[in-house]
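>>> Whatever this is, show me its structure:
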Amino acid sequence: MSAERVCGLSELVQDEARRVEVEGVPIAVVLDSNGEVHAIGDTCTHGEISLSEGFVEGDTLECWAHGSAFSLRTGKPLNLPAYEPVPVYAVQIDGDDVLIDINVKKEN
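The predicted model follows:
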């Protein structure tokens, strides 16, 4: 399958995560302070918590429950208690459309 439209770029709020689903896969989409759009797995690897309910700081998304911060670029946790990364997906911008293909993981 090709990339799927998940939202409009104009719908994203800077430094806030938005939860979307692609083929049943929950994804947190973030427009960072540099204007770059990121897509990472929405479920914290420490607990079954939605990361999109967390806090964006710089290029990280912090889980609101236990404070693990995940890199928006690599998906790697930057502090405990999480130690497993979340998946990071490649994002395409086509006009105002934000497109994600869950079959294409972003390589870092």
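
>>> ok, H66 - contacts?
Shown in contact with H66 (C-beta atoms under 8 Å, 6 or more residues apart in numbering): 44, 46-47, 49, 81-82. Yep, even glycine has a C-beta here, placed from its N, CA and C like the rest.

>>> Let's see the distance spanning stretch 54-71 from one end to the other.
From the first residue to the last, stretch 54-71 extends over 13 Å; the measure is C-alpha to C-alpha, to the nearest Å.

>>> Between all of the contacts of H66, which two are separated the most?
I49 and P81 (11.3 Å; C-beta to C-beta).

>>> Between these two, tell me which one has more neighbours.
Neighbour totals were compared for I49 and P81, and I49 leads with 18 against 14 (other C-beta atoms under 10 Å).

>>> for the more buried one, what are its contacts?
I49 neighbours (C-beta under 8 Å, 6+ apart): 43, 63-66.

>>> Could you check how far it is from V104?
Taking C-beta to C-beta, to the nearest Å as the measure, I49 falls 25 Å from V104.

>>> and what of D59?
Taking C-beta to C-beta, one finds D59 at 20 Å from V104.
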